[in-house]
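# attaching a predicted model along with its sequence, questions to come.
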Amino acid sequence: MMDMEGALMHHHRSTVKKNHKAFKSKHLSKSALRAKTKGKVEKSLNKLKPKHVESKQERRNKAKQIMLSKREEVTISRKIFDGRKGAPRIVAIIPLCPDIDSSEVVRSLNRSVDATADIPFEGAFTVPIERFKQKIQYVVPPRTFIALIDAAQIADFVVFVVSAKQEVDHFGETVLRTIVAQGVSTVYTIVQHLSEVESTKMQTELRRSLLSYMAHFFAEQEKVFSVEQPSECLNVVRSLCQQFPKGIQWRDSRAYILADRIQYVSGSLYVEGTVRGKKLNPDRLVHLPGFGDFQIVSIKVIEGDNESRDYESTLTPGADAEDLDEYAPQDEDLVDADMDMYEEPDIARGVRMDDHIYLSDEDDEEKKTLVDKHRVPKGMSEYQARWILEENSDDEFDKEASTKVDDDEDDYDDNVGMDVEYDRYDVKSVGPGDIRTEYDAQSEMFVELAPEEEARQLKEYREREKEDNEFPDEIELPPEVSAKERLNRYRGMKNLRLGDWDSEEKDTKTPEGWDLIFRFQNYKGTRNRVLKEVSQGRGVSGGLRVIVEISIPEHIAQSFGLRPFFPIYSLLRYEHKKVVLNVTATPNTEYEEPIPTKDDLILQCGPRRYSVKPIFSETGTAPNNVFKMSRFLHQGQTAMATMIAPIAFGNVPTVFLKETEKGIELVAYGSVDNADHSRIVTKRIILTGYPFKIHKRLVTVRYMFFNSEDVSWFKAVPLFTKMGRTGYIKESLGTHGYFKCTFNGPINPQDTVAMSLYKRLWPRQSQIWQPCF
């Protein structure tokens with residue numbers, strides 16, 4: 001028993017090795033400190049003060065302050081409609097069916113509240129509602145596309161009128177989709193001609209069907225009102241007078257006026273109305289839809305009624321007033337510098353590759369000749385080599401050079417001897433897919449085809465190629481066209497997302513006045529500052545009646561009388577300046593025609609409309625800010641549209657329209673993204689060739705180029721195949737554009753060799769679009 005306990009308690013003695021304590025010193029040498037830190041940066045010992053932890057009572061007080069401030073903002077905004085002296089509520093009547101009588105709808109609403117007023121066929125007019133102590137300003141536009149969407153844009157409430165006898169036609173649905181895309185305030189739906197439906201059951205089913213249709217566009221719709229029933233008309237008017245409209249964000253962040261009356265006198269337009277939205281600043285420009293941007297001469301604030309009115313104050317532009325210049329001021333020194341930059345180089349130096357210029361073959365030979373004049377022997381410095389005379393040559397160097405050349409030739413011969421797959425095609429009777437079975441490892445002589453045979457094989461190859469187009473960006477160059485001259489603006493890129501591309505470089509296609517386009521160092525910071533100063537700057541607050549004097553040329557004022565209603569919008573700071581505007585674009589699902597890039601479209605950005613030719617490109621971000629152009633705007637995909645147009649701050653919706661034989665169609669919709677002038681949009685083209693001879697990784701390619709000069713020019717651009725191989729051009733063969741290239745692996749004889757080239761696309765200018773009223 002004791003022996004077992006002793007055996008269990010037995011253990012080996014510990015090792016005799018002792019771990020000595022590391023020496024610690026407060027005074028290390030500089031080398032020891034560098035070895036210890038190893039490039040690390042020591043953190044500062046000055047610790048930050050601990051953050052104050054809010055107590056429960058402090059959090060309650062903070063939440064209460066936020067609640068009170070929001071409540072105060074809502075109270076101030078709602079004061080605009082208080083009482084009989086408040087601003088009238090703007091109600092737009094939008095007919096969606098051809099048989100709708102909009103003026104009769106307004107008369108039915110007025111009869112429900114015993115309001116007597118003369119209702120014109122169309123236009124803007126105010127009706128006092130004594131029962132609810134409010135005023136309603138009805139806008140009855142004609143059934144034209146621009147008038148309907150402009151009325152919905154300015155209105156506090158939009159009343160869509162549908163018919164019980166006819167369905168919503170294509171025009172009505174296009175108007176409805178456009179209004180939804182541009183933004184809309186509170187919406188109501190009224191049905192007309194419902195009493196002409198015989199049975200009550202059919203009326204109920206018809207209402208349910210119309211409600212389902214409108215709920216597809218406005219999910220908050222709960223009921224469709226009948227204009228023939230006075231009780232339902234009364235409910236509509238009660239909601240219009242007592243409900244506060246939800247508004248439109250981009251519109252309410254600016255000042256706007258729906259004119260009660262206008263008058264033009266000797267170069268000045270006088271617009272009388274109520275200011276809505278933010279403050280109306282006389283230093284900012286105003287936009288008249290369909291006419292352009294203009295300067296304010298003065299703003300007079302009106303006190304009292306129409307019979308006994310008094311002018312309380314008059315505001316005039318100050319030193320901070322904006323002018324009508326769309327571009328930055330021009331500098332003469334900058335113009336001279338630009339002229340020098342546009343000069344073309346005397347000698348073409350080769351294709352650009354990742355923002356670098358590679359030397360051509362002639363320059364390489366010249367450079368090699370200059371180097372060979374002063375060959376430096378092995379082990380000798382450059383300074384010592386300068387003393388070598390040209391007629392004397394170093395025997396050791398010559399022997400070493402000849403040995404190196406022989407070694408290179410031996411390596412090439414070894415590669416030739418390893419051929420086990422494809423070598424060459426039969427030159428005399430070869431077809432595009434035929435492979436010669438005879439193999440001659442020692443023959444490397446290149447034989448050119450006759451011109452007739454070359455043309456026949458090229459035609460046969462391209463006819464076969466059209467049946468299976470692997471690359472949508474592929475182009476075909478005629479044999480008589482020089483690729484060097486035709487594609488002189490293109491360059492190669494190893495990686496489109498990571499390659500270098502200078503956004504400030506120019507070429508012959510640079511738009512006129514590119515240097516004068518307005519540019520923002522920090523777009524987001526500028527946007528936030530501009531939106532913030534609208535409420536804090538000088539101006540007339542919302543809810544006050546004013547007379548705005550606007551300086552307008554006489555030839556423009558002649559068309560004012562054709563408009564059924566007249567809105568004006570105040571612009572924010574810098575919104576008149578032209579920038580490189582980038583907006584998102586999502587195609588309309590109901591538009592079936594193709595939408596190519598650079599197509600003539602109408603861009604509606606807020607209240608402004610421009611004739612544009614946008615360039616569509618990929619969305620997202622890239623490290624080098626380079627994006628590939630999209631030839632078409634495809635269904636189900638969102639693209640970025642780029643053009644030169646005035647900036648619009650905020651989340652302003654954009655609508656792309658197009659004039660067709662059927663009328664104006666909704667093409668796409670989106671919103672303003674940014675104003676980035678350094679965003680580069682590139683167009684890609686792909687040149688394709690056919691493998692003529694295959695020897696493992698060494699391939700002879702034809703039909704990509706048709707002369708040796710083009711091969712030498714594009715020699716620096718990498719190659720790829722549709723099956724995933726990558727390679728590069730080694731040398732040119734003959735004078736018909738054949739060349740040797742090396743790939744990272746053996747290729748299939750049915751494979752296609754391709755080369756990607758890119759050039760920059762410059763955005764197009766925009767012009768104000770003027771509709772026919």
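In hand now; what should we look at? Numbering: from 1, shown residues only.
# quick one: contacts for residue 101?
Residues in contact with residue 101 (C-beta atoms under 8 Å, 6 or more residues apart in numbering) are residue 192. Every residue, glycine included, has its C-beta placed from N, CA and C.
# for it, grab phi and psi.
Residue 101 has phi and psi values of phi -110, psi 100 when expressed as degrees, to the nearest 10.
# what of residue 33?
phi -70, psi -40.
# how many residues are close by it?
Residues lying near residue 33 (other C-beta atoms under 10 Å) number 9.
# tell me how far it lies from residue 135.
Computed with C-beta to C-beta, to the nearest Å, the distance linking residue 33 and residue 135 is 82 Å.
# again with residue 617
In terms of C-beta to C-beta, residue 617 sits 49 Å off from residue 135.
# same thing with residue 510?
Counting by C-beta to C-beta, the gap from residue 510 to residue 135 is 55 Å.
# compare the two (neighbour count), which wins?
residue 135 (19 against 15).
# in contact with the more buried one, which residues?
Per C-beta under 8 Å, 6+ apart, neighbours of residue 135: 84, 86-89, 126-129.
# at 6 Å instead, please
88, 126, 128 (C-beta atoms under 6 Å, 6 or more residues apart in numbering).
# how about residue 264?
Residue 264 sits in contact with residue 557, where contact means C-beta under 6 Å, 6+ apart.
# for it, helix, strand, or coil?
Going by DSSP: H, G, I helix; E, B strand; the rest coil, the secondary structure assigned to residue 264 is strand.
# who does it bridge with?
When bridges are called by DSSP bridges, residue 264 pairs up with residue 269.
# check it and give its pLDDT.
pLDDT for residue 264: 89.
# excluding chain neighbours, what is closest to residue 244?
Nearest residue to residue 244 in three dimensions, chain neighbours excluded: residue 78, at 5.7 Å (C-beta to C-beta, 6 or more residues apart in numbering).
# where does that neighbour sit, in terms of helix or strand?
Using DSSP states H and E, residue 78 falls within helix 56-78.
# ok so residue 528 is a helix residue?
Yes. Counting by three-state DSSP, residue 528 is part of a helix.
# run a quick neighbour tally on residue 271.
Applying other C-beta under 10 Å, I find that residue 271 has 23 neighbouring residues.
# quick one: residues contacting it.
Contacts of residue 271 (C-beta under 6 Å, 6+ apart): 259, 262, 548, 568.
# how about the helix or strand containing it as PDB, C-alpha atoms only?
Per DSSP H and E, residue 271 falls inside strand 268-274. The C-alpha coordinates for strand 268-274 follow below in PDB (Å, rounded to 0.1, in the frame of the first residue of the first chain):
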ATOM      1  CA  SER A 268     -40.900  94.900 -66.100                       C
ATOM      2  CA  LEU A 269     -43.400  92.200 -65.200                       C
ATOM      3  CA  TYR A 270     -45.400  92.800 -62.000                       C
ATOM      4  CA  VAL A 271     -46.700  89.600 -60.400                       C
ATOM      5  CA  GLU A 272     -49.100  89.800 -57.400                       C
ATOM      6  CA  GLY A 273     -49.700  86.800 -55.200                       C
ATOM      7  CA  THR A 274     -49.000  85.100 -51.900                       C
END
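# which residues are in contact with whichever helix or strand comes after that strand?
Later in the chain than strand 268-274, the nearest helix or strand by DSSP H and E is strand 276-277. Residues outside strand 276-277 that contact it (C-beta under 6 Å, 6+ apart): 252, 254-256, 542.
# of those residues, closest to residue 555?
If you rank the contacts of strand 276-277 by distance to residue 555 using C-beta to C-beta, residue 256 comes first, at 25.1 Å.
# bridging residues for residue 187?
Beta-bridge pairing for residue 187 (DSSP bridges): residue 158.
# tell me how far it lies from residue 169.
20 Å.
# and the top strand by length along the chain, how far out from the chain's middle?
If you go by DSSP state E, the chain has its longest strand at strand 680-695. Taking C-alpha atoms, centre = their mean, to the nearest Å, one finds the center of strand 680-695 at 28 Å from the center of the full chain.
# how about stretch 63-83?
37 Å.
# likewise for stretch 258-265?
38 Å.
# next one: stretch 728-747
Worked out by C-alpha atoms, centre = their mean, stretch 728-747 lies 39 Å from the chain centre.
# now do the end-to-end distance for it.
Length of stretch 728-747, first residue to last, C-alpha to C-alpha, to the nearest Å: 13 Å.
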